[in-house]
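# one predicted model, sequence on top.
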Amino acid sequence: MNARDANAIPDVQSLADTRALAIDQVGIKSIRHPVRVMDRSGGVQHTVATFNMYVGLPHNFKGTHMSRFVEILNAHDREISVESFETMLREMIERLEAETGLLEMHFPYFIDKAAPVSGVHSLMDYEVSFIGEMQAGGAYRQTTRVVVPVTSLCPCSKRISERGAHNQRSHVTISIQARDFVWIEDIVQLVESRASSELYGLLKRVDEKFVTERAYDNPKFVEDMVRDVAGALNADARIRAYVVESENFESIHNHSAYARIAQTKDAQA
């Protein structure tokens, strides 16, 4: 197809719309692309992220150009880095002639952990999301979200039972807006140190005994989990705003226990 033929094809998305209804978010969801993430040890992790890419559509445009979202992803070499995240969002806003936009990147992140007694090493994976939002006027806001699986042991069960206490796996989700750079490992350790016990990919018998007894000695309600984590976030000067959530997948009930604390520490968030 030559240039003249291409120019003859109608651009339906750019036609005017008369319904006077702006669209808050329009774009593409669940497209996967390689990404590159630096870890705290100085290494680089190569993983695959799932992207959601949206812009705000003014009321007078019929549609957006969906293909441009994919073009932007593929224009950043073979892999996208965390460092290029904001740049990519600003490019998306400009190319799609929008004023607002949202870019979400969800990926698994791996941390090498040593078992507490035997020292045997294994990988633990954590769900991580970077969420970039461009607001009207060009203000940029980035949120980092990490889901940290831990163990929680019920204080009530421990108090009323003669033999043992029920425990469960819990997912503590932290979403932060930061003044300064915060490593993913920092967030994970902040949560794990305030749970009844952290989780490991591999445990020997001596390790299993250790973590079972540690959880028993450190019982936590779901309310304790969010309060302890929120207290640590309040004391961290790098954090501007946060949401901490805990969902305990109960082992003796057919429901989960849930708690949430949201806090904005200054007016800039």
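Received the coordinates, thanks. Residues are numbered from 1 along each chain as shown.

# next secondary structure after the lengthiest strand in the chain?
In the chain, assigned by DSSP state E, the strand with the most residues is strand 23-38. Using DSSP states H and E, the next helix or strand after strand 23-38 towards the C-terminus is strand 44-57.

# which secondary structure elements does the following helix or strand past that next one contact?
Next helix or strand after strand 44-57 toward the C-terminus (DSSP H and E): helix 66-75. Contacts defined by 3 or more Cβ pairs under 8 Å, 6 or more residues apart in numbering; DSSP states H and E place helix 66-75 against strand 23-38, strand 44-57, helix 85-95. In this view, the C-beta of every residue, glycine as well, is placed from N, C-alpha and C.

# make TSV from those and add mean pLDDT and mean neighbour count to it.
What follows is the helices and strands packed on helix 66-75, written out as TSV (pLDDT from 0 to 100; neighbours: other Cβ atoms under 10 Å):
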stretch	mean pLDDT	mean neighbour count
strand 23-38	89	15
strand 44-57	90	19
helix 85-95	87	17
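
# do you know which of these lies nearest Glu247?
strand 44-57 (21.1 Å; Cβ to Cβ).

# hmm, who's touching stretch 218-238?
Stretch 218-238 is contacted from outside by 150, 152-156, 158, 165, 170, 172, 174, 176, 178-182, 190-191, 194-197, 239, 242, 244-248, 257-261, 263, 265, using Cβ atoms under 8 Å, 6 or more residues apart in numbering.

# report the inter-axis angle for the longest strand of the chain versus helix 85-95.
Taking axes from the mean of the first three to the mean of the last three Cα atoms, to 10 degrees, one finds that strand 23-38 is oriented at 150 degrees with respect to helix 85-95.

# strand 23-38 packs against which elements?
If you count contacts as 3+ Cβ pairs under 8 Å, 6+ apart, strand 23-38 packs onto strand 44-57, helix 66-75, strand 80-81, strand 101-114.

# partner strands of it, with direction?
Strand 23-38 pairs in its sheet with strand 44-57 (antiparallel), strand 80-81 (parallel), by DSSP bridges.

# neighbours around the closest residue to Gly56 other than its chain neighbours, how many?
Nearest non-adjacent residue to Gly56, counting by Cβ to Cβ, 6 or more residues apart in numbering: Thr100, 3.8 Å away. Neighbour count for Thr100, taken as other Cβ atoms under 10 Å: 19.

# could you verify my assumption that Thr100 touches Ala136?
Yes. Between Thr100 and Ala136 there is a contact at 5.6 Å, judged by Cβ atoms under 8 Å.

# low-confidence ranges, the stretch 51-200 of the chain, go.
59-63, 77-79 (pLDDT under 70).

# centre of the chain to stretch 103-110, how far?
Between the centre of stretch 103-110 and the centre of its chain there are 6 Å (Cα atoms, centre = their mean, to the nearest Å).
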